[in-house]
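Peer 1: Structure for the following, please:
(one chain, ligands or ions: 2)
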Amino acid sequence: MLIKRPADISPSEITPRSLFEQRRHFLVGAGGALAGAALWAALPRSGQAASRLPAYAPSPFSTSEEKTPLKAVTTYNNFYEFGTDKSDPAENAGKMSVQPWTVRVEGLAGKPRTFGIEELLQLAPLEERIYRLRCVEGWSMVIPWVGLPLAALLKQVEPLGSAKYVEFVTHYDPAIMLRRPVLSWPYVEGLRLDEAQHPLTLLALGLYGDVLPNQNGAPVRLVVPWKYGFKSAKSIVAIRLVEKQPRTSWNRAAADEYGFYSNVNPEVAHPRWSQATERRIGELRKRPTLMFNGYGEQVAGLYQGMDLKANY
Ligand SMILES: Nc1nc2c(c(=O)[nH]1)N[C@H]1C(S)=C(S)[C@@H](COP(=O)(O)O)O[C@H]1N2
Ligand SMILES: [Mo]
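Peer 2: Ligands and ions are numbered 1, 2, ... in the order given. Have a look, this model is predicted:
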């Protein structure tokens with residue numbers, strides 16, 4: 001049994017909305033004119049006080065649904081490298097040092113290159129994207145991410161025509177992370193190239209206006225809002241353009257339960273539970289789960305003609 005369906009976070013653990021709303025303020029400056037390198041270097045690190053990201057614009061892709069409180073977003077996590085209980089990542093991920101940090105973008109590319117994390121800030125204007133994220137376990141959150149489209153990064157390296165898929169490799173340090181082979185480490189995820197280039201696919205550097213807390217995948221993670229949460233790889237160190245569909249950690253662990261596509265689909269049950277409904281963290285009621293997590297209008301075209309029951 002790999003994933004248990006955990007009891008939801010108790011309402012008492014959730015910070016009242018007014019508390020975190022008070023600390024919200026948007027840095028409006030010279031329209032992102034601050035040099036990314038200087039700015040990133042000046043931000044506090046290693047799980048210390050939160051620090052604001054530079055100016056970012058709201059995105060038309062944002063949902064207007066009520067956001068999940070920051071406290072829940074940062075204490076109810078899946079980051080199995082730091083333990084399998086929901087509270088483990090918040091307790092243990094502070095050990096991870098995220099500076100310096102580089103992301104290698106390699107494989108079938110005309111201009112493969114390693115990017116310093118501060119360079120990512122300069123590739124495209126930062127955006128705030130308020131996305132629903134649906135975990136395969138049956139809960140969901142609404143999180144205001146800050147980041148840039150992954151497409152902006154991929155464009156830099158000029159993918160070759162032979163590149164069909166993108167593999168995401170995440171940080172693994174056995175000195176501070178689980179050695180037990182709960183999953184095959186490092187955690188690997190993958191997308192088809194057109195999914196990776198889709199405008200909704202976000203390379204997130206922050207949430208609620210601050211740099212990412214370690215437990216949420218600092219300093220850089222993926223957010224793919226129409227797929228189950230496990231596709232959104234945390235703490236990415238390499239992005240590989242490849243010809244063949246990558247073997248992902250969850251697919252290796254249980255291929256019949258975690259398919260490559262992993263699109264949110266209420267009609268395809270997980271072998272051990274229905275996926276028809278979900279519980280928004282902080283709520284008691286169940287809501288119906290929407291096809292493609294409600295992003296069908298934007299992404300359904302990617303799967304035209306595919307059998308989504310066979311390609312689960
Ligand atoms: N490296 C890594 N990335 C990961 C995971 C993980 O265990 N390791 N868990 C995934 C799962 S199952 C989910 S639901 C999301 C949770 O992201 P959040 O904690 O920021 O909400 O991260 C995904 N990314
Ligand atoms: Mo998940």
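
Peer 1: Please count neighbours and contacts with C-alpha atoms only from this point.
Peer 2: OK.

Peer 1: Am I right that Glu118 sits in a helix?
Peer 2: Yes: according to DSSP: H, G, I helix; E, B strand; the rest coil, Glu118 belongs to a helix.

Peer 1: what's the neighbour count on it?
Peer 2: When neighbours are defined as other Cα atoms under 10 Å, Glu118 has 19 of them.

Peer 1: swap in Asn251?
Peer 2: Asn251 has 19 nearby residues by other Cα under 10 Å.

Peer 1: Check Ser59 too.
Peer 2: 13.

Peer 1: Next one, pLDDT for it please.
Peer 2: pLDDT, Ser59: 97.

Peer 1: what separates stretch 187-201 from the chain centre, distance-wise?
Peer 2: Computed by Cα atoms, centre = their mean, to the nearest Å, the chain-centroid distance of stretch 187-201 equals 11 Å.

Peer 1: quick one: secondary structure of the closest residue to Asp85 other than its chain neighbours?
Peer 2: Leaving aside its chain neighbours, Asp85 sits nearest to Asn78 (7.7 Å; criterion: Cα to Cα, 6 or more residues apart in numbering). Secondary structure state of Asn78, per three-state DSSP, is coil.

Peer 1: and the gap between Asn78 and ligand 1?
Peer 2: 4 Å (Cα to the nearest ligand atom, to the nearest Å).

Peer 1: Does that residue touch Lys86 like I think?
Peer 2: Yes: the pair Asn78 / Lys86 is scored as a contact, 6.1 Å apart, by Cα atoms under 8 Å.

Peer 1: Flag every buried residue along stretch 211-226.
Peer 2: 211-226 (16 or more other Cα atoms under 10 Å).

Peer 1: meant to ask about stretch 269-288
Peer 2: 270, 275-276, 278-282.

Peer 1: Please state the offset of that stretch from the chain centre?
Peer 2: 20 Å.

Peer 1: Nearest residue to the closest residue to ligand 2 within the stretch 1-150 of the chain in space, ignoring adjacent ones along the chain?
Peer 2: In the stretch 1-150 of the chain, the residue found nearest to ligand 2 is Cys135; the distance is 3.8 Å by Cα to the ion. Nearest residue to Cys135, sequence neighbours excluded (Cα to Cα, 6+ apart): Gly229, at 4.6 Å.

Peer 1: now do Asp256
Peer 2: Pro271 (7.7 Å).

Peer 1: okay but that neighbour is in contact with Gly259, surely?
Peer 2: No: taking contacts as Cα under 8 Å, Pro271 lies outside contact range of Gly259: 11.5 Å.

Peer 1: and the helix or strand containing Trp250, how far out from the chain's middle?
Peer 2: Element membership of Trp250 [criterion: DSSP states H and E] is helix 249-253. With Cα atoms, centre = their mean as the basis, helix 249-253 stands 17 Å off its chain's centre.

Peer 1: do stretch 174-192 as well
Peer 2: Chain-centre distance of stretch 174-192: 15 Å, with Cα atoms, centre = their mean.

Peer 1: and if you look at stretch 152-163?
Peer 2: 21 Å.

Peer 1: Tell me the spacing between Val237 and ligand 2.
Peer 2: 20 Å (Cα to the ion, to the nearest Å).

Peer 1: Without its sequence neighbours, what residue ends up closest to that residue?
Peer 2: If the residues on either side of it in the chain are set aside, Val237 comes closest to Val103, at 4.6 Å by Cα to Cα, 6+ apart.

Peer 1: who does the top strand by length along the chain pair up with?
Peer 2: Scanning the chain for the strand with the most residues, using DSSP state E, yields strand 139-149. Under the criterion DSSP bridges, strand 139-149 sits next to strand 127-134 (antiparallel), strand 202-207 (antiparallel), strand 277-280 (parallel) in its sheet.

Peer 1: Buried residues in whatever helix or strand comes next after it, which are they?
Peer 2: Note on strand 139-149: by DSSP H and E, the next helix or strand toward the C-terminus is helix 150-157. Residues of helix 150-157 classed as buried by neighbour count (16+ other Cα under 10 Å): 150-154, 157.

Peer 1: of all those, which comes closest to Asn293?
Peer 2: Leu150 (19.5 Å; Cα to Cα).

Peer 1: what sits against the closest one?
Peer 2: 196-197, 199, 201-203 (Cα atoms under 8 Å, 6 or more residues apart in numbering).

Peer 1: and the residue nearest to Asp85, what does it touch?
Peer 2: Applying Cα under 8 Å, 6+ apart, the residues near Asn78 are 84-86, 89.

Peer 1: Just put the strands paired with strand 139-149 in a markdown table and tack on mean pLDDT.
Peer 2: A markdown table is the format used below for the strands paired with strand 139-149 (pLDDT from 0 to 100):
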| stretch | mean pLDDT |
| --- | --- |
| strand 127-134 | 98 |
| strand 202-207 | 98 |
| strand 277-280 | 98 |
